[in-house]
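All I have is the shape, not the residue letters:
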């Protein structure tokens, strides 16, 4: 396991424990696989990588992914129906994903300042936003340079 991953896994275990939840071996393995990826992963991309868990079926992996999203350890990118590991602590803030249409990469951005107006407008309407995620598609710098 990559050194940074060890820190993220330890933080994930702490968060789960604080919430009275368990980072089971399967959930932990799915998180490790997401951390290893350089971009979003679909459940079916991860399934063959769960070699030790031969019995893992799509519903099993979806439950693990849903758990990771609920615990703030992963994001679901709706437009791609894919998942990406969250930077530790990042899920508490508003997020913008910049998704490259060529390579499929997704970069997580802190959207804090960009969404102040939205939050203020929602407040005036009596709506309290807990979390916002925006997906923007285009072409990343590396693909533009290629």
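That came in fine, so what should we check first? Please read these numbers as outputs of a predicted model, since none were measured by experiment.

How is the chain partitioned into domains?
5-85, 95-145 (automatic domain parsing).

Lowest average pLDDT across those?
Ranked by mean pLDDT, the domains of the chain bottom out at domain 95-145, which scores a mean of 84.

Run the chain-centre distance for that one.
From the chain centre to the centre of domain 95-145 is a distance of 13 Å (CA atoms, centre = their mean, to the nearest Å).

How about stretch 42-61?
Mean-position distance between stretch 42-61 and its chain equals 17 Å (CA atoms, centre = their mean).

Check stretch 34-42 too.
Averaged C-alpha coordinates place stretch 34-42 at 9 Å from its chain's average position (CA atoms, centre = their mean).

before we move on, back to that, point out the most buried one among the domains of the chain.
Among the domains of the chain, domain 5-85 has the highest mean neighbour count (mean count of other CB atoms under 10 Å), at a mean of 16. (Glycine included, C-beta is placed from N, CA and C.)

Which residue ranges of the protein form helices?
Assigned by DSSP state H, the chain shows helices spanning 3-18, 25-36, 43-46, 58-70, 116-124, 141-145.

The residue in the chain sticking out farthest from the centre and residue 146: what is the separation?
No residue in the chain sits farther from the centre than residue 124, which is 30.1 Å out by CA atoms, centre = their mean. As judged by CB to CB, to the nearest Å, residue 124 and residue 146 stand 45 Å apart.

Likewise for residue 13?
Using CB to CB, one gets 39 Å for the distance from residue 13 to residue 146.

What of residue 34?
Residue 34 sits 26 Å away from residue 146, going by CB to CB.

ok, residue 117 to residue 129 distance?
For residue 117, the distance to residue 129 equals 12 Å [CB to CB].

same check, this time on residue 143
32 Å.

and if you look at residue 15?
On the measure of CB to CB, residue 15 and residue 129 end up 22 Å apart.

so what's residue 27 closest to, chain neighbours aside?
Excluding its sequence neighbours, the residue lying closest to residue 27 (CB to CB, 6 or more residues apart in numbering) is residue 64, at 4.8 Å.

Does that neighbour touch residue 26 like I think?
Yes - counting by CB atoms under 8 Å, residue 26 is a contact partner of residue 64 at 5.4 Å.

Sounds good, over and out.
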